[in-house]
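Asks: below: sequence and its predicted model.
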Amino acid sequence: MAKAVAMKRKELEGYLQDVDTFEKPKVLLEQYPTTPHIAACMLHTISSTFDDISDKCVADLGVGCGILTIGSNMLGASYVLGVDVDEDALAVCANNLEEFEMSNVDLLNADVRQMARPEALSSRLSGQFDTVVMNPPFGTKHNQGIDVDFLRAGLMLSSNAVYSLHKSSTREHILKKAQFWGVDATVLAKLRYDLANTLKFHKKKSVDIEVDFIRLVHTEDSRQRLQQLLWS
Ligand SMILES: C[S@@+](CC[C@H](N)C(=O)[O-])C[C@H]1O[C@@H](n2cnc3c(N)ncnc32)[C@H](O)[C@@H]1O
């Protein structure tokens, strides 16, 4: 598909309706897909307000079926790497990429939590991406802290900005973490996320939760600070 960098939000949302989602979502991996509406709002803001997608090298952590990767590609990213621990999700994503005829995208089967470990700092991927986008697992009982691990991994991979979704109820915690790491954090929007009835533990037809769309940006010394903190 030809790149359409100045695409309108509604138009992007329309294209993203065609992204196939998880066949059998896995509760333990918190596999709830980002809706086309939320994905388009996020990506359009990242692109039009901050110019952080067009011609940028982007990583999508917890890529799932690829809606954020596909949207980034449509908005002109020069390259996108999608990372997920689940091979089944990556298979759906690969199929979507084929349907959308997308090149300049790679998929990596890896555990993002491992990328947040100190050893990962010496990884070749460290600091290699301009922009990191993600809708990470929120961190349920068995998964506590995974939201923060995803953010830390994002900051290690990115040389500039990380955009992420977090439950609004965790806002204070996330902003404190950001301050501790020495990065600038801004809540760009509060969104209503309709967790469709895809996961077993959601008994109601739809569950609305409030989610913050957050931007974290490296400061002059935040990479160094992050390194020191990880090793201490
Ligand atoms: C909330 S879903 C978001 C999926 C997709 N990015 C989207 O926006 O629709 C979270 C994704 O993170 C993946 N995931 C969960 N734990 C992971 C881990 N430790 N490492 C990598 N991916 C993980 C899940 O398989 C799932 O695809």
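Replies: Thanks, I have it.

Asks: what residue ranges in this structure are flagged as low confidence?
Replies: 1-5, 120-122, 196-206, 230-232 (pLDDT under 70).

Asks: pick out the residue nearest the middle of the chain.
Replies: When the chain is reduced to its mean C-alpha position, the nearest residue by CA atoms, centre = their mean turns out to be Met134, at 0.6 Å.

Asks: list the residues that contact that residue.
Replies: Listed by CB atoms under 8 Å, 6 or more residues apart in numbering, the contact set of Met134 reads 60-62, 68, 150, 154, 162-165. All C-beta atoms are positioned from the backbone trio N, CA, C, and that covers glycine.

Asks: residues from this protein in reach of the ligand?
Replies: Residues of the chain lying near the ligand by CB under 6 Å from any ligand atom: 29-34, 62-65, 67-68, 83-86, 89, 111-113, 135, 137.

Asks: list the contacts for the residue nearest to the residue nearest to the centre of the chain when sequence neighbours are not counted?
Replies: The spatially closest residue to Met134, leaving aside those adjacent along the chain, is Leu61, at 4.3 Å (CB to CB, 6 or more residues apart in numbering). Neighbouring residues of Leu61 by CB under 8 Å, 6+ apart: 83, 112, 115, 132-134, 136, 150, 153-154, 157.

Asks: so can I have TSV of these showing secondary structure?
Replies: Formatted as TSV, those follow (DSSP: H, G, I helix; E, B strand; the rest coil):
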residue	secondary structure
Val83	strand
Val112	helix
Met115	helix
Val132	strand
Val133	strand
Met134	strand
Pro136	coil
Phe150	helix
Ala153	helix
Gly154	helix
Leu157	helix
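
Asks: of those residues - the most surrounded one?
Replies: Counting by other CB atoms under 10 Å, Val133 has the largest number of neighbours within the contacts of Leu61, with 31 neighbours.

Asks: any idea how far that one is from Phe150?
Replies: Going from Val133 to Phe150 by CB to CB, to the nearest Å gives 11 Å.
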